[in-house]
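J.: The sequence isn't on hand, but the structure is:
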Ligand code: PLP
């Protein structure tokens with residue numbers, strides 16, 4: 001055994017720099033979190049060496065007795081995490097990511113060119129929910145299926161449940177997808193179930209962003225209403241990067257749903273499962289079952305609300321004026337700033353956020369806002385008082401962006417770039433900038 005630092009100092013050096021960036025910066029990307037060292041240990045284990053195409057007790061390779069034990073344990077913990085009865089729900093823990101979980105779910109539920117409806121990307125939906133532009137069908141979910149996006153009510157910026165019912169009546173989708181990447185409020189799953197039932201459509205929830213908050217019972221659960229639920233494991237759930245697909249086992253008209261989902265994951269969309277990742281998911285789910293996880297989830301929301309209140313207190317405009325979950329969407333358009341400008345300035349200040357479309361943006365390509373999440377800083381034990389300081393940093397960053405925009409090409413801008421470069425090299429901190 002030769003340690004990484006000795007065998008490959010180049011990669012070790014990159015890991016060290018990224019570790020330093022994560023430790024010294026403020027991580028406010030809503031889709032990121034800090035998984036536990038125990039989960040990382042499982043992820044970096046010998047399990048990466050093993051091939052195990054198939055399912056427990058039905059593999060195409062020998063030597064899988066321990067891998068079977070692991071996958072069965074991971075499934076059990078996944079069902080427990082969401083309080084699901086194993087007689088009514090099953091789960092596939094093999095998806096490599098949220099996108100592959102979603103495409104496998106569509107493969108299981110639909111025939112090629114069937115119709116689906118999902119929240120439009122500019123309104124907070126995800127690419128895998130049927131996104132396309134006027135110029136191009138760029139995601140598999142719109143290339144292989146016909147998709148019609150639904151939207152927010154412009155006045156309230158909330159999901160337009162009546163609009164979905166009206167669209168579905170005409171479009172007759174085979175599948176309605178709920179869930180989002182950038183929506184700060186909870187969902188009315190009962191209303192969507194009513195529409196899906198009326199039009200004979202499947203209802204699927206992609207809870208990638210909020211699954212940790214749902215497992216901790218701090219947000220409504222979609223399981224009572226949906227046929228299939230997908231999630232990533234690395235956002236609020238705080239596990240390694242991967243995906244899960246939950247499916248109903250008790251549907252009279254779809255007794256084969258379990259087989260359809262399992263076949264869609266392998267062999268339709270994937271090859272051998274990443275067993276090291278499945279071990280890390282299992283470890284993360286053990287942590288989800290502990291009382292401290294519920295405390296963390298409650299704090300994530302309290303922190304997001306403290307962030308929202310402080311920003312509103314500074315006079316800024318947030319989509320829907322606040323949040324029910326782990327993220328806020330900050331509408332920068334009234335200030336004349338774009339999301340990319342503020343996100344670039346924040347990067348230079350050691351604050352990581354992402355540019356994001358806000359309701360009413362003409363295109364998701366030039367977003368008029370930023371998305372800010374509190375999962376990672378809550379995992380670092382920040383409380384409301386700390387978050388108010390973070391919100392003040394963001395306030396200063398936006399004021400700086402405004403100043404730099406006004407002074408484009410000036411000495412001030414050059415000075416800032418020089419200081420930011422020094423800061424990037426780790427020589428000064430945010431306070432000095
Ligand atoms: N679904 C939603 C709602 C997401 O926000 C994301 C990623 O951000 C995904 C799916 C895709 O997950 P992954 O990046 O693991 O493919």
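T.: Received the coordinates, thanks. In this text the structure is predicted, and so the values were computed from the model without any measurement.
J.: Leaving out the residues flanking it, which one is nearest to the closest residue to the ligand within the chain?
T.: The chain approaches the ligand most closely through residue 98 (2.4 Å), counting by CB to the nearest ligand atom. The way it works is simple: take the backbone N, C-alpha and C, and place the C-beta from them, glycine included. Spatial nearest neighbour of residue 98, excluding adjacent residues (CB to CB, 6 or more residues apart in numbering): residue 232 at 3.7 Å.
J.: That neighbour: how many residues sit nearby?
T.: Using other CB atoms under 10 Å, residue 232 is surrounded by 25 other residues.
J.: Need phi/psi at it.
T.: Backbone torsions of residue 232, given as degrees, to the nearest 10, read phi -80, psi 170.
J.: Which residues does it form beta bridges with?
T.: residue 243 (DSSP bridges).
J.: for it, what are its contacts?
T.: Residue 232 is in contact with 31, 97, 98, 101, 208, 211, 241, 242, 243, counting by CB atoms under 8 Å, 6 or more residues apart in numbering.
J.: In TSV: those residues, plus pLDDT and neighbour count.
T.: What follows is the contacts of residue 232, written out as TSV (pLDDT from 0 to 100; neighbours: other CB atoms under 10 Å):
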residue	pLDDT	neighbour count
31	98	20
97	98	17
98	98	26
101	98	32
208	98	27
211	98	30
241	98	17
242	98	26
243	98	28
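J.: Mind checking which of those are in strands?
T.: In this view, the contacts of residue 232 that belong to strands under DSSP state E are residue 243.
J.: What parts of the stretch 301-433 of the chain come near the ligand?
T.: Nowhere does the stretch 301-433 of the chain come near the ligand, counting by CB under 6 Å from any ligand atom.
J.: And the stretch 101-250 of the chain, by the same measure?
T.: Counting by CB under 6 Å from any ligand atom, the residues of the stretch 101-250 of the chain near the ligand are 102, 126, 128, 179, 180, 181, 206, 208, 209, 232, 241, 243.
J.: if I look at the fourth one, how far off is residue 193?
T.: In other words, residue 179. From residue 179 across to residue 193, the span is 14 Å (CB to CB, to the nearest Å).
J.: which residues in the stretch 201-350 of the chain form helices?
T.: Along the stretch 201-350 of the chain, the segments classed as helices by DSSP state H, counting those that start in this stretch run 211-215, 257-263, 275-288, 291-313, 339-348.
J.: Would you mind finding the most buried of these?
T.: With neighbours taken as mean count of other CB atoms under 10 Å, those reach their highest mean count in helix 211-215, at a mean of 27.
J.: what does that one rub up against?
T.: Residues from elsewhere that reach helix 211-215 (CB under 8 Å, 6+ apart): 81-82, 207, 219-222, 231-233, 235-238, 288, 293, 296-297, 300-301, 325-326, 375.
J.: And stretch 91-98, by the same measure?
T.: Contact partners of stretch 91-98, identified using CB under 8 Å, 6+ apart, comprise 71, 74-75, 78-79, 84, 101, 104, 126, 128, 206, 208, 230-232, 241-247, 261-262, 265-266, 270, 273-274, 277-278, 281.
J.: give me that answer again for 6 Å
T.: 74-75, 78-79, 101, 208, 232, 243-246, 261-262, 265, 273, 278 (CB atoms under 6 Å, 6 or more residues apart in numbering).
J.: now do stretch 256-266
T.: Stretch 256-266 is touched from outside by 90, 92, 94, 104, 107, 108, 245, 247, 249, with contacts defined as CB under 6 Å, 6+ apart.
J.: rewinding a little: of residue 179 and residue 193, who's got more company?
T.: Each of residue 179 and residue 193 has its neighbours counted (other CB under 10 Å); residue 179 has more, 27 against 18.
J.: nearest residue to that one other than its sequence neighbours?
T.: In space, and not counting its chain neighbours, residue 179 is closest to residue 206: 3.5 Å by CB to CB, 6+ apart.
J.: got it, and residue 40?
T.: Residue 40 sits nearest to residue 280 (CB to CB, 6+ apart), 7.1 Å away.
J.: Surely the one you found is in contact with residue 44?
T.: No: in this structure residue 280 lies outside contact range of residue 44 using CB atoms under 6 Å: 8.7 Å.
J.: so which helix or strand takes in the closest residue to residue 140 other than its chain neighbours?
T.: Nearest non-adjacent residue to residue 140, counting by CB to CB, 6+ apart: residue 103, 5.5 Å away. Residue 103 belongs to helix 98-109 when assigned by DSSP states H and E.
J.: Identify, from the contacts of residue 232, the entry nearest to residue 316.
T.: Of all these, residue 31 has the smallest distance to residue 316: 21.9 Å, by CB to CB.
J.: Contacts only, for the closest one.
T.: Residue 31 touches residue 235, counting by CB under 6 Å, 6+ apart.
J.: The residue nearest to residue 125 when sequence neighbours are not counted: neighbour count?
T.: Nearest non-adjacent residue to residue 125, counting by CB to CB, 6+ apart: residue 119, 3.3 Å away. Look at residue 119: counted by other CB under 10 Å, it has 28 neighbours.
J.: For residue 119, give me phi and psi.
T.: With angles defined as degrees, to the nearest 10, residue 119 sits at phi -60, psi 130.
J.: And for residue 324?
T.: Main-chain torsions, residue 324, degrees, to the nearest 10: phi -110, psi -10.
J.: residues near it, how many?
T.: Residues lying near residue 324 (other CB under 10 Å) number 19.
J.: Does residue 182 belong to a helix, a strand or coil?
T.: Look at residue 182: counting by DSSP: H, G, I helix; E, B strand; the rest coil, its state is coil.
J.: burial of the closest residue to it other than its chain neighbours, as a residue count?
T.: Excluding the flanking residues, the one nearest residue 182 by CB to CB, 6+ apart is residue 124, at 4.0 Å. For residue 124, the count of nearby residues is 28 (other CB under 10 Å).
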